[in-house]
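S.K.: test case, fold it:
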Amino acid sequence: MENRRLTYCTYCFDTAGFMQPYRNNYPFDLFPTFWENLDVLIGEGRLFSVRACYDEIVYQEDELADWAKQRRHIFWEHTEALQQELKEVLSQVPTLYEAHTDRSGGDPYIVALARFKNAVLVSDEQRSRKKKDLTIHQACDKLNIQSMRVVEFMRKEQWRF
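M.R.: Sure, this is the predicted structure:
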């Protein structure tokens, strides 16, 4: 797998980037290689997330929560620098917070971290919704942050199963 990457990218995963694969597409028991590949990227320092996503994941108290707890170090705390980036993001896309007031509010933080780290945001949220709510991908588009769904991420990394 030495020559598998065309470009070197870092990835900022939101909650859906972990939960959708775990629940629907790549469960631990059927696709262990998916999770092993994530661990390779984690070891290279190329995959991270934020504490708000960690909190959403561990709330479920399931196998994914156990996985996240063992990798707590990849979930960035909401530091002062991240808070500053969050302010800038919300000044440009205030509806990002308003669209998610019924949830944990992790989306603004994950967008801010992706921008702060100049990373590709990976989310398995749909790119658009029937409702007028802003999606995480639409917010990224407005802020010129590259975003993609998990399957696009796997293609970019040239993973094969």
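S.K.: how about the strands in this structure?
M.R.: Listed in chain order, the strands of the chain (DSSP state E) span 11-13, 47-50, 75-76, 120-122, 147-148.
S.K.: so which of those strands gets nearest Glu157?
M.R.: With Cβ to Cβ as the measure, strand 11-13 is the member of these nearest Glu157 (8.7 Å). C-betas here are computed from N, CA, C, even on glycine.
S.K.: can you mark which positions in the helix or strand bottoming out on mean pLDDT in the chain are buried?
M.R.: Sorting the helices and strands of the chain by mean pLDDT, DSSP states H and E puts helix 95-98 at the bottom, at a mean of 74. Buried residues in helix 95-98, counting neighbours by 16 or more other Cβ atoms under 10 Å, are found at 96-97.
S.K.: can I get it as CSV, trimmed to CA atoms?
M.R.: C-alpha atoms of helix 95-98 as CSV (Å, rounded to 0.1, in the frame of the first residue of the first chain):
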residue,chain,number,x,y,z
THR,A,95,-27.2,29.6,9.8
LEU,A,96,-24.8,26.7,10.4
TYR,A,97,-25.5,27.0,14.1
GLU,A,98,-29.2,27.9,13.8
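S.K.: packing partners of it?
M.R.: Here helix 95-98 touches helix 80-92, helix 106-117, going by 3 or more Cβ pairs under 8 Å, 6 or more residues apart in numbering; DSSP states H and E.
S.K.: can I get these in CSV with mean pLDDT?
M.R.: Formatted as CSV, the helices and strands packed on helix 95-98 follow (pLDDT from 0 to 100):
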stretch, mean pLDDT
helix 80-92, 94
helix 106-117, 94
